[in-house]
Structures are given as structure tokens and as C-alpha cells.
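In: The following block contains a protein sequence and its predicted model.
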Amino acid sequence: MSHRHIDVRYVANLARLELTADEVATFQPQLEAILGHVEALSKLDVSGIDPTAHATAVFGKMREDIPHVSLSQTAMLSNAPDQAQGQIRVPKVVTEA
């Protein structure tokens, strides 16, 4: 591979990880394989491709917000400490500007 050698111990030190010798022996080839894939991707010609954030179009991800009420409005109001005109009254929390 033509990429620069990156030592797993150096990367682990940056991440504040302690690796055993067995882990270094396992992770070093994996890191080199990842760098090989990155090198292969960097050689691709993407000049005619528009940059995107997602591979496919993203739309309609929000569900319709339908409240589920298990109690009837009358039952809810009967438990309210203060009510008027079919609504629950609460103290004013916003002052005049």
C-alpha cells in the first residue's frame, strides 16, 4: 500500500486507550485494511456527482401528531383545580413587555 503507516499504538494513545499486545496484533491489520479502502475511494472520479447528505431523498419522516386522550374531556375537567368555559385555568406566567 502506498499510504503512510499509522501505528495502532499511536492511535490508541491519542484515544487514551490501553491495548495489549494481542489487541495491537489484531487491530493493526484492520487499520491498514481500512486505510486501503480509503485510498481506493480517494482514487475514484467523483467530479460529475453532486454532493449530498443522504444517498436517497429524505422526506415524510415526521409522523402526524395526533394526541391520544384516554379520558373524556369532562373527566379531565372534573380533576382540574380551576376551570372555566370547558377549559383548565392556569396562573399567568408571562408578564407584559
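Out: Done, it's in. Please read these numbers as outputs of a predicted model, since none were measured by experiment. Numbering: from 1, shown residues only.
In: Next one: residue 25, what pLDDT does it get?
Out: On pLDDT, residue 25 comes in at 95.
In: Let me know the helix or strand that it is in.
Out: Using DSSP states H and E, residue 25 sits within helix 21-42.
In: helix or strand right after the lowest-mean-pLDDT helix or strand in the chain?
Out: Every helix and strand in the chain was compared by mean pLDDT, DSSP states H and E; the lowest is helix 73-79, with a mean of 69. Using DSSP H and E, the helix or strand that follows helix 73-79 towards the C-terminus is strand 83-84.
In: gap between the helix or strand following that next one and the chain center?
Out: Counting by DSSP H and E, the next helix or strand C-terminal to strand 83-84 is strand 87-88. For strand 87-88, the separation from the chain centroid amounts to 38 Å (computed by Cα atoms, centre = their mean, to the nearest Å).
In: what helices or strands is strand 87-88 leaning on?
Out: helix 73-79 (3 or more Cβ pairs under 8 Å, 6 or more residues apart in numbering; DSSP states H and E). For glycine as for every other residue, the C-beta is placed from the backbone atoms N, C-alpha and C.
In: hmm, try it at 6 Å
Out: On a contact count with 3 or more Cβ pairs under 6 Å, 6 or more residues apart in numbering; DSSP states H and E, strand 87-88 meets no helix or strand.
In: Rounded mean pLDDT for it, please.
Out: Strand 87-88 shows a mean pLDDT of 82.
In: just stretch 46-56 next, same as before
Out: Stretch 46-56 comes out with an average pLDDT of 84.
In: Quote the end-to-end distance of it.
Out: 17 Å (Cα to Cα, to the nearest Å).
In: now stretch 46-59: how far from the chain's centre is it?
Out: With Cα atoms, centre = their mean, you get 19 Å for stretch 46-59.
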